[in-house]
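K.L.:
here is my input, please return the structure:
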Amino acid sequence: MIRFAHTNIVSVNWKDLVDFYVKTFHCKIVPPIRNQSGEWLDNGTGLKNAKLEGAHLLLPGYGENGPTLEIYQYNQVENQEFILPNKRGFGHIAFEVDSVDEMLQTLKENGGTTLGEITKRGIDKVGEITFVYARDPEGNLIELQSWDTSAIHL
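P.N.:
This next block holds a predicted model:
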């Protein structure tokens, strides 16, 4: 069996970041709250004296057994510069929404920021995408997207 399980964000304030994703995208906390440390965590992560706290958030749109967004805060967090969309490696998470305009406003009201401009583009045989890149309160990249499949070009 192969099944996607979760994506992780390392946070400097896990409780505030969890609150942002719950308020903005209607994610749900999947108990229990994680508070983990020990030799097993050191062995698995390759870190020394690792301790973390955080939560898994059920992502919207996939029911009660869908994938989660794991937001953890380690006892020692190494900061880095905010990435741009064209940097190598994991870049962003995307949410498909009914209205990019409305969701961007909600994102900003909850502490997020805009990175790009709302843009529309027809994609042959797929439809028209409306999208924008934004950041959560800790600077992680988020894509908001909406699809109009009535605009499919055959």
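
K.L.:
so where do the helices sit in this protein?
P.N.:
Taking DSSP state H to define them, one finds helices in the chain at 14-25, 39-45, 100-109.

K.L.:
touching the second one from outside, list them.
P.N.:
With C-beta atoms under 8 Å, 6 or more residues apart in numbering as the contact definition, helix 39-45 has outside contacts at L47, K48, N49, A50, K51, L52. (C-beta placed from N, C-alpha, C; glycine too.)

K.L.:
now with 7 Å, please.
P.N.:
Surrounding helix 39-45, the residues in contact under the criterion C-beta atoms under 7 Å, 6 or more residues apart in numbering are K48, N49, A50.

K.L.:
contacting residues around A55?
P.N.:
With C-beta under 7 Å, 6+ apart as the criterion, the residues that contact A55 are W14, V18, I29, I33, R34, I71.

K.L.:
repeat for G46
P.N.:
Neighbouring residues of G46 by C-beta under 7 Å, 6+ apart: there are none.

K.L.:
quick one, domains of this protein?
P.N.:
Domain assignment for the chain by automatic domain parsing gives 6-74, 93-151.

K.L.:
top of the contacts of helix 39-45 by neighbour count?
P.N.:
Looking at the contacts of helix 39-45 with neighbours defined as other C-beta atoms under 10 Å, the largest count falls to A50 at 19 neighbours.

K.L.:
what sits closest to R135 if chain neighbours are left out?
P.N.:
Nearest residue to R135 in three dimensions, chain neighbours excluded: T113, at 4.9 Å (C-beta to C-beta, 6 or more residues apart in numbering).

K.L.:
correct me if wrong: that neighbour contacts D136.
P.N.:
No - judged on C-beta atoms under 7 Å, T113 makes no contact with D136 at a distance of 8.5 Å.

K.L.:
who's more crowded, these two?
P.N.:
Applying other C-beta under 10 Å to T113 and D136 shows that D136 carries more neighbours, namely 23 against 12.

K.L.:
relative to R3, how far out is that one?
P.N.:
Here D136 is placed at a distance of 26 Å from R3 (C-beta to C-beta, to the nearest Å).
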